[in-house]
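>>> can't give you the sequence, but here's the structure:
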């Protein structure tokens, strides 16, 4: 069965149905969007069940000629890393639709358009992780900016159009650098046995180390902007603040993962030598992201910006894990991507409900929510605890793996990064204390607690956070072989711990 | 004195002959058909002529001949592709030209004079634009297939003269329109003079006016290289003027702005195809062996065209001027296809020309739709909130802008990718990197327009958008469909171009 192309077609079909609905029937548009995303989620889970976890080759491979004269194929396939990310994306999609049931109403355009954009974006989210043809990847990587641009600029709040433009220009700039590298790879492949964009064949190209370094930079900067890694992060807080909570979840939870995913799939695979050359630099950038993002978060007054800053810190951890070149860190990084998707989703969705009820996103305007809205407050609390990697919640496992894996090779980096955890306690506990505890701020006495729809939306996210915190092995068993494979392809073996082995 | 009758291959020349015939009949229609009937008759005639010509191009697409017109014209694959592109662009432009609202009722009258008012009240229409368009199209069809210097010059004038005239026909802001026509004419004459000067030197160098003869001299390397260099330089100046590359671009913003928008659309798109078609033939065949001498210069011109076009476009407040500067940048992108000097470069340039031409006509078609009571509104500030009032026009324009910016899933991306990879293959890394960077700069102002249309609230004296006429709507829809299809599934067109695009010498 052609699973991957089916997954990509389903949201498009849903988008077409919604587009055909009458304009004033908003409810039908929402229901159709929810139904579509649920079907896609079910289909993804059904596909994931058939995934052979010990097989490190690409699975569910499909290949159709697309532009033969350039050697471009519509080629799809997933390894465990891509599978996990697709799974995360398709689970988050219905959550976002259900949680943000009313968030399209403040937009410039109709509710219908909002859901069409969301569904088109879902197709691209699946495609960008599943593409095994570099050209196809690039096309989706760039094209998915357009729906997000309209989602931020059309349905966001505040300085939404400025934020949307900033997001788009940063991403386009990175994308064009990557395009230059892609053109170079394409031309080189032509000189070495025929034009192709097949990832496997491209990874076998012979090139000088200077060329490899330059091309690596083209890719890495594009992904570092996307992820975002310090110093390429400045677009993210603005975009996250202006976007609707649901869009922010997709932006931070899924789209930014394309950056870190790209580092594994493209930077490491295509340019192993250059990756090694730049690793020391990237490790420093990652550590700076961890600490700097955390400090910014501590100082943030706006709850959405705060979540964006915490993400910069978390992406620092992910990047560190990827470039630490040990299998634990690599597995940890992939697991981190998955977990970060859910903990950020929980934070953003609950924060979105809080903001919608209070009419303000400034942290100091809240206070004593625990007494007024216990369910909402508890949800926020758990999401926050997951964000600071409290043991027993999912992020702890991944953060721990990244740190342990990094320590064996880069002890100093790992130790500095550990301070990130301490800072995380600060940046989460301060808003938790200000917003949830203490006396109820005047004017907040009558805030409503979560309704049934909101509870249904947040429940699965919290469930994933708690369950994977206690029992991460089903996911880790899938990820581990793929992570080991990446590391061994790079020519690395895990260093033997030098301490405590007598 | 004996006179040899010329041997002409009428089948191979038929696309051009049909056009000229149609144009001449059009002139007669002006004389003999009543005023009321003229618009309909002319439109039908012109459209029919163009379609018939396109059909002929399709039928002879596989033919190759160096002797179709005594060695003055060459028929081959690239010829068919370029002529086909010009005809398609002309057909979708003619729908815009058919909206005579854009043209002055009496071009000969002084702006603001009593005669002009009378003509307006009488409801006169300048149906002369149809035969003029056909003449210009015939010139454009000959330009890329000319294979001697005389024919090349005749074609250049044949395509230019009607355009000079048509640029001055605008109904609104007639003085600006006439000024632009005069500017175009004067600068164009200079360019023609340069062109002729270069042609004379090339004759002096090779002793021949035919491309074959010049090429043999270049290959043989027997002549005086100074003559070749001067001749090549001046001939190239004439051609670069027509494509609007820096530093020969100064006419284009004024003419783009002053000319009636349908004419701007037609001129911007079709002239580029014709002139780049001629450049392809000249640089790929005649001067190919003197590559060492022109590649550095053309690379430099490409780089400054890309940068200057993109940078200056940022500060434009008028949509037509902005598109003019964007076309300068695109001339730079297209020049990188000339520099490539390989099969991939040839295919890529032809694809790019077609894709860009169609998107350009579509873009200007949208410009013709945005009007208030005083005619077209080209001030970008008054395009604010267009997305709300007329989603059709705004979305279509956004699509064309994304294509100009080279965003994936539009034809512009495939064009940019193919042309840059061809140039990179040749080793023109600097050109490719500048191209990529200026694409990033260009994206800035394209996106700013999208922001204006969709994310900004309308100003109070908001622009009214006229219900588009069926024909204009058809142009917008056809262009949009072509732009999308070439972006999503370009394989058939690319294969078609790859198979056909082989120069014969």
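On my side now, so go ahead. Predicted model only: the values in this text are computed from it and were never measured. Numbering: from 1, shown residues only, chains lettered A, B, ... in the order given.
>>> residue contacts, the residue of the stretch 401-505 of chain B found nearest chain A?
Proximity of the stretch 401-505 of chain B to chain A (CB to the nearest CB) peaks at residue B:455, 3.5 Å away. In short, each C-beta sits where N, CA and C put it, glycine included. Neighbour list for residue B:455: A:108, A:153-154, A:160-161, A:164 [criterion: CB atoms under 8 Å, 6 or more residues apart in numbering or on different chains].
>>> same thing with residue A:153?
Residue A:153 makes contacts with A:160-161, A:163-165, B:451, B:454-455, as judged by CB under 8 Å, 6+ apart.
>>> Make a markdown table out of those residues and add distance to residue A:198, secondary structure and pLDDT.
Shown next, in a markdown table, are those (distance: CB to CB, whole Å; DSSP: H, G, I helix; E, B strand; the rest coil; pLDDT from 0 to 100):
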| residue | distance to residue A:198 | secondary structure | pLDDT |
| --- | --- | --- | --- |
| A:160 | 40 | helix | 81 |
| A:161 | 40 | helix | 80 |
| A:163 | 37 | helix | 83 |
| A:164 | 35 | helix | 84 |
| A:165 | 35 | helix | 84 |
| B:451 | 38 | helix | 86 |
| B:454 | 38 | helix | 84 |
| B:455 | 40 | helix | 81 |
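>>> Now flag whichever of these is closest to residue B:22.
Nearest to residue B:22, judged by CB to CB, of the contacts of residue A:153 is residue B:454 at 42.1 Å.
>>> Which residue does the stretch 201-350 of chain B have closest to chain A?
Closest point on the stretch 201-350 of chain B to chain A, by CB to the nearest CB, is residue B:347, at 7.7 Å.
>>> and the helix or strand that residue falls within, what does it pack onto?
Assessed by DSSP states H and E, residue B:347 sits inside helix B:343-369. Judged by 3 or more CB pairs under 8 Å, 6 or more residues apart in numbering or on different chains; DSSP states H and E, the packing partners of helix B:343-369 are helix B:77-97, helix B:261-266, helix B:272-281, helix B:319-340, helix B:391-405, helix B:411-426, helix B:470-488, helix B:491-500.
>>> what's the last one packed up against?
Put plainly, it is helix B:491-500. Against helix B:491-500 (3+ CB pairs under 8 Å, 6+ apart) you get strand A:59-67, helix B:77-97, helix B:343-369.
>>> List the buried residues of that helix.
For helix B:491-500, the neighbour count (16 or more other CB atoms under 10 Å in any protein chain shown) marks B:493-494, B:496-498, B:500 as buried.
>>> Tell me which strands whatever helix or strand comes next after the helix holding residue B:347 pairs with, and in which orientation.
Scanning forward in sequence from helix B:343-369 by DSSP H and E, the next helix or strand is strand B:371-372. Strand pairing for strand B:371-372, determined by DSSP bridges: strand B:375-376 (antiparallel).
>>> Looking at the strand it pairs with now, give me its mean pLDDT.
On average, the pLDDT along strand B:375-376 is 78.
>>> Ok, stretch A:461-481 next?
87.
>>> give me phi/psi at residue B:30?
phi -60, psi -40 (degrees, to the nearest 10).
>>> Contact partners for the closest residue to chain B within chain A?
Closest contact between chain A and chain B, by CB to the nearest CB, is at residue A:161 (3.5 Å). The contact partners of residue A:161, by CB under 8 Å, 6+ apart, come to A:153, B:451, B:455-456.
>>> Report the two of these separated the most.
A:153 and B:456 (10.1 Å).
>>> need the contact list for residue B:259.
Applying CB under 8 Å, 6+ apart to residue B:259 gives the contacts B:166-170, B:177, B:180-181, B:267.
>>> Adding secondary structure, distance to residue A:486 and pLDDT, write those residues out as JSON lines.
Converted to JSON lines, the contacts of residue B:259 look like this (DSSP: H, G, I helix; E, B strand; the rest coil; distance: CB to CB, whole Å; pLDDT from 0 to 100):
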{"residue": "B:166", "secondary structure": "helix", "distance to residue A:486": "63", "pLDDT": "90"}
{"residue": "B:167", "secondary structure": "helix", "distance to residue A:486": "61", "pLDDT": "89"}
{"residue": "B:168", "secondary structure": "coil", "distance to residue A:486": "66", "pLDDT": "87"}
{"residue": "B:169", "secondary structure": "coil", "distance to residue A:486": "66", "pLDDT": "86"}
{"residue": "B:170", "secondary structure": "strand", "distance to residue A:486": "63", "pLDDT": "84"}
{"residue": "B:177", "secondary structure": "helix", "distance to residue A:486": "64", "pLDDT": "88"}
{"residue": "B:180", "secondary structure": "helix", "distance to residue A:486": "61", "pLDDT": "91"}
{"residue": "B:181", "secondary structure": "helix", "distance to residue A:486": "65", "pLDDT": "91"}
{"residue": "B:267", "secondary structure": "helix", "distance to residue A:486": "55", "pLDDT": "92"}
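>>> just those residues now: which is nearest residue A:222?
residue B:267 (37.9 Å).
>>> just checking, that closest one touches residue B:165?
No: Residue B:267 is beyond contact range of residue B:165, at 11.5 Å (criterion: CB atoms under 8 Å).
>>> Which of those two has more residues huddled nearby?
residue B:267 (25 against 19; other CB atoms under 10 Å in any protein chain shown).
>>> what about the closest residue to the more buried one other than its chain neighbours, how many neighbours?
Sequence neighbours aside, residue B:163 is the residue nearest to residue B:267 in space, at 5.4 Å (criterion: CB to CB, 6 or more residues apart in numbering or on different chains). For residue B:163, the neighbour count with other CB under 10 Å is 26.
>>> Cross-check the contact I'm expecting between residue B:163 and residue B:184.
Yes: between residue B:163 and residue B:184 there is a contact at 7.3 Å, judged by CB under 8 Å.
>>> got the contact list for residue B:74?
B:65-66, B:68, B:145-147, B:211, B:281, B:504.
>>> Would you mind checking those for buried ones?
For the contacts of residue B:74, buried by 16+ other CB under 10 Å: B:65-66, B:68, B:145-147, B:211, B:281.
>>> Please work out how many residues are found near residue A:237.
24.
>>> actually residue B:122, not the one I wrote
11.
>>> Spatially nearest residue to it, not counting backbone neighbours?
residue B:105 (7.4 Å).
>>> Quick check: that neighbour vs chain A, distance?
Relative to chain A, residue B:105 is positioned 41 Å away (criterion: CB to the nearest CB, to the nearest Å).
>>> Shouldn't that residue be within a strand?
No: according to DSSP: H, G, I helix; E, B strand; the rest coil, the state of residue B:105 is coil, so it is not within a strand.
>>> in the stretch 201-350 of chain B, which ranges drop under the pLDDT threshold?
Where the stretch 201-350 of chain B drops to pLDDT under 70, the residues are B:222-223.
>>> Fine by me, thanks again.
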